[in-house]
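# Following is a predicted model, sequence given first.
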Amino acid sequence: MNIIVILFPLALGLGLAGLAGFFWCMRTGQYNDLEGSGWRVLQDDDLADDQSPHANATRQPERAL
């Protein structure tokens, strides 16, 4: 029975912390764009010519003097 004195306030504290975290996420706009990240992964971003991973393969290696 003495364990209830410890576990009940602990459960209430964790529940209130979770509720406070949920309200913080709602207030700061964490849930505004739920699908944006999923679509952003599928977009094909073209790299610039100098940033392309194959751009260095076509260049001649520099010779040491």
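Now that the structure is in, tell me what you want to look at.
# Asn32: neighbour count?
8 (other C-beta atoms under 10 Å). The C-beta positions use only the backbone N, C-alpha and C, and glycine is treated the same way.
# To which secondary structure element type does it belong?
Using DSSP: H, G, I helix; E, B strand; the rest coil, the structure places Asn32 in coil.
# Could you pull up the residues touching it?
Residues counted as contacts of Asn32 (C-beta atoms under 8 Å, 6 or more residues apart in numbering): none.
# how much space is there between it and Leu10?
Asn32 sits 33 Å away from Leu10, going by C-beta to C-beta, to the nearest Å.
# Asp44: how many residues sit nearby?
4.
# Pull up the per-residue confidence for it.
The per-residue pLDDT reported for Asp44 equals 79.
# tell me the phi and psi of it?
phi -100, psi 100 (degrees, to the nearest 10).
# Arg27 and Leu14: what is the separation?
20 Å.
# er, Ser37 I mean
On the measure of C-beta to C-beta, Ser37 and Leu14 end up 28 Å apart.
# Low-confidence bits of this protein, can you list those?
Low-confidence segments of the chain, defined by pLDDT under 70, span residues 46-62, 64-65.
# Helices along this structure, start to end?
Under the criterion DSSP state H, helices of the chain are mapped to 2-28, 36-42.
# Tell me how far Arg40 lies from Gly21.
In terms of C-beta to C-beta, Arg40 sits 25 Å off from Gly21.
# Then Leu10?
According to C-beta to C-beta, Leu10 stands 17 Å off from Gly21.
# Val41 too?
In terms of C-beta to C-beta, Val41 sits 26 Å off from Gly21.
# neighbour-wise, which of those two wins?
Gly21 (10 against 7).
# Report how many residues lie close to Val5.
Val5 - counted by other C-beta under 10 Å - has 9 other residues nearby.
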